[in-house]
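[1] Below is the structure, and that's it, no one-letter string:
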């Protein structure tokens, strides 16, 4: 599996029983705490392996930093960044086997991750089936929170920021293990930079189905609706995500404009979007909650392909 379906990671079959899952991701700081930034970067990188129903095994650090400005690492918090990432990798049972650094004008950090999966158990974002229900495992709104935080308008002590951090550092192994336990999942992706809108659109396009999403059911971080009313807390990605799905989106009825903005909001280390047999939904929700998932909510369903890839309802 390569780039043909815009999937979360590449998959390469080694034997009849083992396939490699490979991915890479890194980005500038989204919070001003170096350790937490490292945790978030690691959880985000590991997530793409879980989104293929795989298990991460090894990781390589990737770091860009202005070494010409701070050759001794003393002021950039690099040790804490590495420590935060190592903590999340250890929690995932993933071994850091090396890495690479380059000079950059600003810090960027993340991982190249290799996982494994049985070839018959690979889940893609392009195999949703009509009749499936759509389950989301983390609340939305991290883009608004991190943007407001950078602007000094969402303090580290606030409930909103703490909830966003707890969600971003949570490993999506919770969802992957729940799927393994329950069965019945047909398609899988994680919600990151393209927002719920973009990743749902790719799931619909890949399977040539229509995803119907109910705005009122979308789980939001506490305080996000207030932040979403401020235009200056919307990232550039909100606009590009809207443009990405616009031609394939139908909006039915009077939808909440603030919640609609959250629909486009780019997520950092977001949850899994699971397309699953409706008969398995109660067991999946119970398994997610038992494992401590940030949330476990049915947000819509899959229907045969209509005029649009996505339908947004109140």
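    That came through, no problem. On a predicted model such as this, the values are computed, not experimentally measured, just so you know. Numbering: from 1, shown residues only.

[2] buried set for stretch 115-135?
    Neighbour-count burial for stretch 115-135 flags 115-117, 122-128, 132-135 (criterion: 16 or more other C-beta atoms under 10 Å). All C-beta spots, glycine's among them, are computed from the backbone N, C-alpha and C.

[3] go on, stretch 216-235?
    Along stretch 216-235, the positions that meet the burial threshold by neighbour count (16+ other C-beta under 10 Å) are 218-225, 227-228, 233-235.

[4] which SSE is the closest residue to residue 227 other than its chain neighbours in?
    Distances taken as C-beta to C-beta, 6 or more residues apart in numbering put residue 144 closest to residue 227, at 4.2 Å, once the chain neighbours are dropped. Element membership of residue 144 [criterion: DSSP states H and E] is helix 142-150.

[5] so for that helix, what's the average pLDDT?
    Per-residue pLDDT values across helix 142-150 average out to 95.

[6] The chain: strands as residue ranges?
    Counting by DSSP state E, the chain has these strands, from start to end: 10-13, 19-27, 55-65, 95-103, 108-117, 133-136, 185-190, 209-214, 249-251, 272-276, 297-304, 310-313.

[7] so where is the stretch 151-300 of the chain shaky, pLDDT-wise?
    The model of the stretch 151-300 of the chain has no residue with pLDDT under 70.

[8] quick one on the thing from earlier: list the residues that contact the residue nearest to residue 227.
    The contact partners of residue 144, taken as C-beta atoms under 8 Å, 6 or more residues apart in numbering, are 224, 227, 228, 233, 234, 262, 265.

[9] What's the separation between it and residue 202?
    The span separating residue 144 from residue 202 equals 22 Å under the rule C-beta to C-beta, to the nearest Å.

[10] Can you show me the helices along the protein?
    For the chain, the helices identified by DSSP state H occupy 34-50, 78-91, 142-150, 159-169, 173-182, 195-207, 224-228, 236-245, 257-264, 281-290, in order along the chain.

[11] looking at these, which is closest to residue 111?
    Nearest of the helices of the chain to residue 111, taken as C-beta to C-beta: helix 34-50 at 3.9 Å.

[12] In terms of pLDDT, where does residue 99 sit?
    97.

[13] what pairs with it across the strands?
    When bridges are called by DSSP bridges, residue 99 pairs up with residue 61.

[14] didn't it look like it was pressed against residue 60?
    Yes. Using C-beta atoms under 8 Å, residue 99 is in contact with residue 60, at 4.9 Å.

[15] closest to residue 3 out of the helices of the chain?
    helix 195-207 (11.9 Å).

[16] The closest one packs against which elements?
    In terms of contacts (3 or more C-beta pairs under 8 Å, 6 or more residues apart in numbering; DSSP states H and E), helix 195-207 is packed against strand 185-190, strand 209-214, helix 236-245, helix 257-264, strand 272-276, strand 310-313.

[17] In JSON lines: those, plus mean neighbour count and distance to residue 46.
    Formatted as JSON lines, the helices and strands packed on helix 195-207 follow (neighbours: other C-beta atoms under 10 Å; distance: least, C-beta to C-beta, whole Å):
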{"stretch": "strand 185-190", "mean neighbour count": "24", "distance to residue 46": "10"}
{"stretch": "strand 209-214", "mean neighbour count": "22", "distance to residue 46": "25"}
{"stretch": "helix 236-245", "mean neighbour count": "17", "distance to residue 46": "21"}
{"stretch": "helix 257-264", "mean neighbour count": "20", "distance to residue 46": "24"}
{"stretch": "strand 272-276", "mean neighbour count": "28", "distance to residue 46": "12"}
{"stretch": "strand 310-313", "mean neighbour count": "21", "distance to residue 46": "28"}
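
[18] Dump those into CSV; add distance to residue 4 as well.
    Formatted as CSV, the helices and strands packed on helix 195-207 follow (distance: least, C-beta to C-beta, whole Å):
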stretch, distance to residue 4
strand 185-190, 15
strand 209-214, 17
helix 236-245, 18
helix 257-264, 25
strand 272-276, 19
strand 310-313, 21
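
[19] Check the gap between residue 138 and residue 164 for me.
    Distance check for residue 138 against residue 164: by C-beta to C-beta, it reads 10 Å.

[20] With residue 243 instead?
    Remark: distance between residue 243 and residue 164 (C-beta to C-beta) = 25 Å.

[21] now swap in residue 77 and tell me
    Counting by C-beta to C-beta - residue 77 and residue 164 are separated by 20 Å.
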